[in-house]
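Student: Got a predicted model here, sequence first, then my questions.
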Amino acid sequence: MTLTSIETFIIICMVTIGTMITRFLPFIIFQGSKSNNSYISYLGQFLPYSAIGLLVVYCLRSVNFKSPTYWLPEAIAIICIIVLHYWKENTLLSIGVGTVLYMILVQAVFI
Amino acid sequence: MYLGEKRKALRAAFPHTIPVFTGFIFLGIAYGILMNSKGYGVGWSVLMSLMAFAGSAQYVAITLLTSVFNPLLAFLMTLMVNARHLFYGISMLDKYKVIGKLKPYLIFGLCDETFSIVCSTKIPESVNQSWFYFFITILDHSYWVLGSALGGLLGSMISFNTKGLDFVLTALFVVIFVGQWKTQKDHKPAVIGILCSAICLVIFGPSNFIIPSMIGILAVLSISRKEYAAEKEIAEEGVQ
């Protein structure tokens, strides 16, 4: 431990408070606003789709494009997931096959 | 009757959390091991996971726990890393409006994975939606705490090759993206999300692209709203 117990606890509280601000803020700001605020209900309707798009890019943010061996495992696994999910529409199957395929690719194929 | 309703909600919620279980146990173990290697035992990992419940911010905080004590920096870094949660709140305003006494906990636990499930899952009519959301949230929260505890306890005893297992969460988000793509006719918001983020990632780099992406997404969505409003007006006039 680099920090003392009290310092560590304060850091944990800071991370907690920071996180809670980002989670509670929208609910606090728009608490009083009526549900007929058309801009907010427009965002509520379409933002989830954009947010999942952002989340996908966020997960892939560290993928390196310098050499195909770095990005091919991600590309192959994601294409496989998309095809499988379009075809079977079974969430656990798509995730399971995609993840196992990715693990094989990074452990045995593109080392 | 009341108990039966809760059990029914739990039974409906659990299958949706299985991918998160896999991802969180693994990432939680990795977190616990990492904390352990810096001298922070299982108690600290569990306390952090229980209170903050924010994977990426907790990983960032490890670097802050191993340098000079700087609580303000910890606070600001967390705000930066977790700014994307603002979008989740805005997206869930309507769905969480009717929740009642469970609402503070649902907002507390609105992490990436919980959001991806609650925003995309159609709850069967016979299932109580408040309890359904509650069980999704508390199951995810307990997997994360459990994983951190296991990591802190087992330390380096785990020996099978887990390389690539963390891809399970990427896979979860891709699956939800595809599912939304199939059910939603208007693909513009999804494309806007991917394109804005990808462009910002290229321009600002992996550690600084989230906030510019959020601003970009909001700007483009706001611009296309006028178009959407105009189309809607035409459609409504057509109906009349």
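Tutor: Looks like it arrived, so ask away.
Student: Can you list the buried residues in stretch B:144-155?
Tutor: B:Trp144, B:Val145, B:Leu146, B:Gly147, B:Ser148, B:Ala149, B:Leu150, B:Gly151, B:Gly152, B:Leu153 (16 or more other CB atoms under 10 Å in any protein chain shown). Heads up, the C-betas are built off the backbone N, CA and C, glycines and all.
Student: Give me the subset of those lying in strands.
Tutor: Among the buried residues of stretch B:144-155, none falls in strands (DSSP state E).
Student: Can you tell me how far the residue most central in space within chain A is from chain B?
Tutor: For chain A, the residue nearest the mean C-alpha position is A:Leu55 (3.7 Å; CA atoms, centre = their mean). Applying CB to the nearest CB, to the nearest Å, the value for A:Leu55 to chain B is 5 Å.
Student: Tell me the first helix or strand C-terminal of the helix or strand in which that residue is found.
Tutor: If you go by DSSP states H and E, A:Leu55 is part of helix A:38-59. The helix or strand immediately downstream of helix A:38-59 is helix A:68-88, counting by DSSP H and E.
Student: Check which helices and strands that next one sits against.
Tutor: Where contact means 3 or more CB pairs under 8 Å, 6 or more residues apart in numbering or on different chains; DSSP states H and E, helix A:68-88 is packed against helix A:91-104, helix B:167-183.
Student: Please identify which pair of the buried residues of stretch B:144-155 lies farthest apart.
Tutor: Greatest spatial distance among the buried residues of stretch B:144-155 (CB to CB): B:Trp144 and B:Leu153, at 15.1 Å.
Student: What are the boundaries of the helices in chain B?
Tutor: In chain B, the helices defined using DSSP state H lie at B:2-37, B:42-51, B:55-65, B:71-82, B:85-92, B:103-108, B:112-120, B:129-154, B:167-183, B:188-204, B:210-239.
Student: burial measure for residue 65, as a count.
Tutor: Looking at chain A here, since you left the chain open. Close neighbours of A:Phe65, defined as other CB atoms under 10 Å in any protein chain shown, add up to 8.
Student: actually chain B
Tutor: Other residues near B:Leu65 come to 23 when the count uses other CB under 10 Å.
Student: Against B:Met48, how distant is it?
Tutor: 9 Å (CB to CB, to the nearest Å).
Student: list residues touching both of these two?
Tutor: The overlap between the contact sets of B:Leu65 and B:Met48 (CB atoms under 8 Å, 6 or more residues apart in numbering or on different chains) consists of B:Met35.
Student: what's the neighbour count on the nearest residue to A:Gly53 once chain neighbours are set aside?
Tutor: Spatial nearest neighbour of A:Gly53, chain neighbours left out: B:Gly193 (2.4 Å); criterion: CB to CB, 6 or more residues apart in numbering or on different chains. Residues lying near B:Gly193 (other CB under 10 Å) number 29.
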